[in-house]
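*Asks:* Quick one: sequence plus predicted model below, questions after.
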Amino acid sequence: MHPTNGRVNGHHRRNGTPRYSAWSLVQHGLTGAEWSRAWRVHPMRNSYDVVIVGGGVHGLATAYYLATNHGIRNVAVLEKSYIGGGGSGRNTAILRSNYLTPEGVRFYDRSVKLYERLAAELNFNVMFSQRGHLTLAHNDSSLRTMHWRAEVNKLQNVESEVIGPDTIKELVPYLDTSTTTRYPILGALYHPPGGIIRHDAVVWGYARAADANGVHIHQRTEVTGIDVAGGRVTGVQTDRGRIATPVVVNCTAGWATLISDMAGVRMPVQTFPLQAAVTEPVKPFLDTVVVSGTLHVYVSQTDRGELVFGASVDPFASYSMRGSLEFTEGVAGHVLELMPALSKMRLLRQWAGLCDMTPDYSPIMGPTEVEGFYVDVGWGTYGFKAGPVSGEAMADCIAAQRPPEIISAFGLDRFRQGRLVGEKGAAAVGH
């Protein structure tokens, strides 16, 4: 893949897109001038150098890094709904890199590093709050796993340590760390770089920056087929017409297998709903993200004061995105086991998203047996954490026509060769 318009610096805004700043805010306030569109609506071309299916953080990040890092700007992002309307807008926006395998730790640590400077790079406040991440251990087996993960993290220069109940109580005073509970807290893996982010801001920031660098974003454009001839991609069929292209990138969540099937590529993926809920806002009191794998629950507090709850994926494959009373009762009970003082709080709303789970709880990234058809799928419950690094790596993969080292372990062929990357111990409810 060769650049079409030369290399572009990631901080340069093309097409007259203004920079957001305190001064521009004052100017608009004094003059009453309207803000320009964050991204534009383009007529759809008959052909593109790259077509990306999926307008979430992975698809938009891939488009952005293709344009800024490689000068490949004749790129279309196709989204059947609105950008960020899938998993990118339904996740609980927790970021961390304290995974279990060296491959996973290196990968997610790169993503955290990219997230740390994303607001400055995109000129868009993504509201990344690195408040720390606690993974609780309620039995000896869990505690051993936390020590294991801590040592793997340290070998990759990722800040993680196992702390005891007294230190946990200092970090989260409302946690019940007594020894009389049903599931006493024996310790926790503490990961200070972890935290939460505003997920819609990340999507909007990438969309704005990609558009500024020449990428076309087509919302309400559904892919209905992928044309393959002689073992390689030749085009994409949409409900708005055909697009000729030599490269198609599958960046969907929930529909990953459906899109890959259009190209004749089978994926070892199953789709499960993942539910979450949010409470009414209260005065901030929870400064860290708290996760319990034993209780299958995690909780954090937003900048507006709402508590966000989540659990593990539903135990059945489905495309349903409706909440259930069973989930609400279960997650509320487990949260109260951890923090009994929350019993009077009222639930505001609940929802579900779709998670594509692979056998080893690791993603599938890179080229496939169909030339020109690339995949960035199988993200389970942890795809939003990897948005920036996935986009960067997939852009490198497409430009160089070979996977970079950071994603080499996540290729589709690992399932045939038995080279699985077992992240289940750090990903099951490890949000």
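*Replies:* Great, that's in hand. Residues are numbered from 1 along each chain as shown.
*Asks:* quick one: average pLDDT of stretch 164-174?
*Replies:* In this model, stretch 164-174 has a mean pLDDT of 97.
*Asks:* what about this protein, any weak spots by pLDDT?
*Replies:* Low-confidence segments of the chain (pLDDT under 70): 1-16, 423-431.
*Asks:* what's in contact with the helix or strand where Leu30 lies?
*Replies:* Using DSSP states H and E, the secondary-structure element containing Leu30 is helix 22-31. For helix 22-31, the external contacting residues (C-beta atoms under 8 Å, 6 or more residues apart in numbering) are Pro18, Ala33, Glu34, Trp35. C-beta: built from backbone N, CA, C; applies to glycine.
*Asks:* residues near the closest residue to the second one other than its chain neighbours, how many?
*Replies:* Spatial nearest neighbour of Ala33, chain neighbours left out: Gln27 (7.2 Å); criterion: C-beta to C-beta, 6 or more residues apart in numbering. The local packing count at Gln27 equals 12, with neighbours defined by other C-beta atoms under 10 Å.
*Asks:* So Gln27 versus Glu34, what's the distance?
*Replies:* 12 Å (C-beta to C-beta, to the nearest Å).
*Asks:* what's the closest non-adjacent residue to the spatially most central residue of the chain?
*Replies:* Among the residues of the chain, Phe384 comes closest to the average C-alpha position under C-alpha atoms, centre = their mean, at 0.9 Å. Sequence neighbours aside, Asn91 is the residue nearest to Phe384 in space, at 4.5 Å (criterion: C-beta to C-beta, 6+ apart).
*Asks:* do Val105 as well
*Replies:* In space, Val105 is closest to Gln156, 4.4 Å off (C-beta to C-beta, 6+ apart).
*Asks:* Also Ser343?
*Replies:* Leu336 (5.8 Å).
*Asks:* that older thread, how many neighbours does the residue nearest to Val105 have?
*Replies:* Neighbours around Gln156, by other C-beta under 10 Å: 19.
*Asks:* List the contacts of it.
*Replies:* Contacts of Gln156 (C-beta under 8 Å, 6+ apart): Pro102, Val105, Arg106, Asp109.
*Asks:* show me what contacts the nearest residue to Ala386 once chain neighbours are set aside?
*Replies:* Closest residue to Ala386 apart from its sequence neighbours, by C-beta to C-beta, 6+ apart: Ser111 at 5.1 Å. By C-beta under 8 Å, 6+ apart, Ser111 lies in contact with Leu95, Ser97, Lys385, Ala386, Gly387, Pro388, Val389, Ser390.
*Asks:* Can you tell me which of these end up in helices?
*Replies:* Gly387, Pro388, Val389, Ser390 (DSSP state H).
*Asks:* May I see these arranged in JSON lines, with neighbour count as well?
*Replies:* Below are the ones in helices among the contacts of Ser111 laid out as JSON lines (neighbours: other C-beta atoms under 10 Å):
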{"residue": "Gly387", "neighbour count": "30"}
{"residue": "Pro388", "neighbour count": "26"}
{"residue": "Val389", "neighbour count": "24"}
{"residue": "Ser390", "neighbour count": "29"}
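*Asks:* with these in mind, which one is nearest to Val228?
*Replies:* Using C-beta to C-beta, Ser390 is the member of these that lies nearest Val228, at 24.0 Å.
*Asks:* who are the neighbours in contact with the closest one?
*Replies:* Here Ser390 is in contact with His58, Ala61, Thr62, Ser111, Pro363, Met365, Asp376, Gly383, Ile407 (criterion: C-beta under 8 Å, 6+ apart).
*Asks:* Strands - which of these land there?
*Replies:* Using DSSP state E, the subset of those located in strands is Met365, Asp376.
*Asks:* and the contacts of Ser390 as TSV, adding distance to Asp356?
*Replies:* Shown next, in TSV, are these (distance: C-beta to C-beta, whole Å):
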residue	distance to Asp356
His58	12
Ala61	18
Thr62	17
Ser111	18
Pro363	9
Met365	13
Asp376	11
Gly383	8
Ile407	17
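*Asks:* of all the contacts of Ser390, which comes closest to Ala244?
*Replies:* Out of the contacts of Ser390, the member with the shortest distance to Ala244 (by C-beta to C-beta) is Thr62, at 19.6 Å.
*Asks:* what about the closest one, distance to Ile406?
*Replies:* 14 Å.
*Asks:* Please identify which of those two sits among more neighbours.
*Replies:* Thr62 (31 against 18).
*Asks:* show me the residues around that one that make contact.
*Replies:* Ile52, Val249, Cys251, Asp376, Ser390, Gly391, Met394, Ala395, Ile398.
*Asks:* State the three-state secondary structure for the first one.
*Replies:* For Ile52, the secondary structure call by DSSP: H, G, I helix; E, B strand; the rest coil comes out as strand.
*Asks:* how deep is it tucked in, by neighbour count?
*Replies:* 33.
*Asks:* Might you report the residue contacts of it?
*Replies:* So Ile52 contacts Gly59, Thr62, Ala63, Val75, Ala76, Val77, Leu78, Val248, Val249, Cys251 (C-beta under 8 Å, 6+ apart).
*Asks:* Now, the residues you listed that are in helices?
*Replies:* Gly59, Thr62, Ala63.
*Asks:* and the closest residue to Asn46 other than its chain neighbours, how many neighbours does it have?
*Replies:* Nearest residue to Asn46 in three dimensions, chain neighbours excluded: Ala244, at 6.2 Å (C-beta to C-beta, 6+ apart). Neighbours of Ala244 under the rule other C-beta under 10 Å: 14.
*Asks:* Please name the bridge partners of Ala244.
*Replies:* Ser47, Gly235 (DSSP bridges).
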